[in-house]
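Student: how does the following fold in three dimensions:
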Amino acid sequence: METSLVFFPQLNMCESKEKTFFKLIHGSGKEEASKEAKIRAKEKRNRLSLLVQKPEFHEETHSNRPGHLAKETRVSPEEAARWGESFDKLLSHRDGLEAFTRFLKTEFSEENIEFWKACEDFKKSKEPRQIILKAKAIYEKFIQNDAPQEVNLDFHTKEIITKSITQPTLHTFDAAQSRVYQLMEQDSYTRFLKSDIYLDLIEGRPQRPTNLRRRSRSFTCSEFQDVKSDVAIWL
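Tutor: So this is what the prediction gives:
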């Protein structure tokens, strides 16, 4: 009996495994590259988003625009001259308050006027919940130790506020506001009257650009969403 030999083609298992491994490696590499590209694109979008949302970015950019300068120079020299008669007249005028705030920023002491404005707004509160929320916000921002914009108060005044902050009244910050008011009147106001910001106004000169430091916003609008502010300029 003749025996028939049947030859099967040799299967190259190594080659198959190598091809599979090669595909896996290159496929993984493409996926990694794609992930990295997505991450970089996301980071770029986040950076742009933060830049747009930063209030200090808008503050510095707008300060160099002609429209901003026009707003600063709308005050007549006669009106500006009246601000030199008393500190009260300066603060009672919207543009005077704005000019004084700009001056304090150049001296890195704007926390004083921000606190004063916060107290003025606080005293207009009517609802109990509104009083509690605003009082806590003022305390955390301006009064407590290491507060973001801590004002210079004596120990006794701070202690009284700390003890009453759990049950605040519309007079909780009266003593502190009076102390800060006197400090500004006797110190900062005198220098303001000699500053370029004020002298340019009373002489009718265009306002010069000022180098303002960036303010850190310790609270966001969402943190005050339950507070119905009458004048929200201090937030």
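
Student: got the contact list for residue 79?
Tutor: The neighbourhood of residue 79, defined by Cβ atoms under 8 Å, 6 or more residues apart in numbering, consists of 93, 95. No exception for glycine: its C-beta is placed from N, CA and C like everyone else's.

Student: who's in contact with residue 165?
Tutor: If you count contacts by Cβ under 8 Å, 6+ apart, then residue 165 has 135, 136, 139, 172 around it.

Student: how near is it to residue 108?
Tutor: 27 Å (Cβ to Cβ, to the nearest Å).

Student: quick one on the thing from earlier: what about the contacts of residue 165, which are in strands?
Tutor: Within the contacts of residue 165, no residue falls in strands by DSSP state E.

Student: neighbours of the closest residue to residue 184 other than its chain neighbours, how many?
Tutor: With sequence-adjacent residues excluded and distances taken as Cβ to Cβ, 6 or more residues apart in numbering, residue 184 is closest to residue 112, at 5.4 Å. Residues lying near residue 112 (other Cβ atoms under 10 Å) number 22.

Student: pull out the buried positions in the helix or strand containing residue 96.
Tutor: Secondary structure from DSSP states H and E places residue 96 in helix 94-106. Taking 16 or more other Cβ atoms under 10 Å as the basis for neighbour counts, the residues of helix 94-106 that come out buried are 95, 96, 97, 99, 100, 102, 103, 104, 105, 106.

Student: quick one: the helices in this protein?
Tutor: Secondary structure of the chain (DSSP state H): helices located at 13-53, 55-62, 66-72, 77-82, 87-92, 94-106, 111-122, 128-138, 155-164, 174-183, 189-192, 196-202.
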